[in-house]
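Engineer: quick one, structure for this:
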Amino acid sequence: MIETSIGRLLVASLHQSIAEILPTRLDFYEEWLNPTGLRDGRIGLGPLAAVLSFLRLEGEAYQRVMAQAGEYTAEWVFADLSGLTRGVIKAAPPGIRARLVARVARSLVRRTCRTSRAGVRWRQGRGGVRIKASIFCGVRQPVEAPLCEFYAAAIRRLMRLFSLDASVETERCLATGGADCLMQVSVRPADDGGTLGLADAG
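Structural biologist: Numbers count the residues shown, from 1 in each chain. Alright, predicted model coming up:
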């Protein structure tokens, strides 16, 4: 039975990122991320879990691979939006634009893995991104550092594509013992030093 919960965008972005950052290891990872499976969309949860497990053994390269993959995914999600949708979001005032981009980020999470969910909670114009059942953070034993870099990088890149600068900090992570992953996001217009205050979700 073929697992269908893993989105093609995630698999393709991981493959591309590994090819660029760990080119001498690509043949090894293609045991699971094989070209035929990539083309046909037949990479399931098991092979992906194996890839992530081995990537975590690569040391600091893990974070670089995840960050690059997150950026690729954001760019492809952005490209998939209709021209009308992109135009409407870009034309919105910065505060509203940030909220609209956060909605796109929620869709991105769903497209990477259909068993994961993302929510944005707002309080007095401030919010944060909570991800439940992150595919990257479901480890057997808790680890010391958060493993949320893929989504953090994707959010930063999405914001930038809509002319917003974003800093993303992980407040808690499923991999380090949290109930879910919670990222605080501070956003400002790319051409303005004023912070919009997308942070502190509770």
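Engineer: mean confidence score for stretch 78-90?
Structural biologist: Taken as a whole, stretch 78-90 has an average pLDDT of 97.
Engineer: how about that stretch: buried residues?
Structural biologist: Across stretch 78-90, burial judged by 16 or more other C-beta atoms under 10 Å covers 78, 89. For the C-beta atoms, the positions are set from N, CA and C on the backbone; glycine is no exception.
Engineer: so what's the spatially most central residue of the chain scoring on pLDDT?
Structural biologist: The structure's the chain has its C-alpha centroid closest to residue 151; by C-alpha atoms, centre = their mean the separation is 2.3 Å. For residue 151, the model assigns a pLDDT of 96.
Engineer: just checking, it touches residue 130?
Structural biologist: No: contact criterion C-beta atoms under 8 Å: residue 151 and residue 130 do not qualify, at 10.7 Å.
Engineer: what touches both of the two?
Structural biologist: 118, 181, 183 (C-beta atoms under 8 Å, 6 or more residues apart in numbering).
Engineer: next structured bit after the worst-scoring helix or strand of the chain on mean pLDDT?
Structural biologist: Lowest on mean pLDDT, DSSP states H and E among the helices and strands of the chain sits helix 35-40, with a mean of 71. Using DSSP states H and E, the helix or strand that follows helix 35-40 in sequence is helix 45-55.
Engineer: any idea how far that next one is from the middle of the chain?
Structural biologist: Distance of helix 45-55 from its chain centroid, counting by C-alpha atoms, centre = their mean, to the nearest Å, is 16 Å.
Engineer: helices along the protein, start to end?
Structural biologist: 8-21, 26-29, 35-40, 45-55, 61-80, 83-91, 94-112, 149-161 (DSSP state H).
Engineer: mind listing what's buried in the fifth one?
Structural biologist: Read that as helix 61-80. 62-78.
Engineer: and what of stretch 13-21?
Structural biologist: Buried, per 16+ other C-beta under 10 Å, within stretch 13-21: 13-18, 21.
Engineer: which of the shared contacts of residue 151 and residue 130 are buried?
Structural biologist: 118, 181, 183.
Engineer: what is the neighbour count of residue 142?
Structural biologist: A total of 11 residues lie near residue 142 under the criterion other C-beta atoms under 10 Å.
Engineer: wait, it sits on residue 173?
Structural biologist: No: with contact defined as C-beta under 8 Å, residue 142 does not count as touching residue 173 (9.2 Å).
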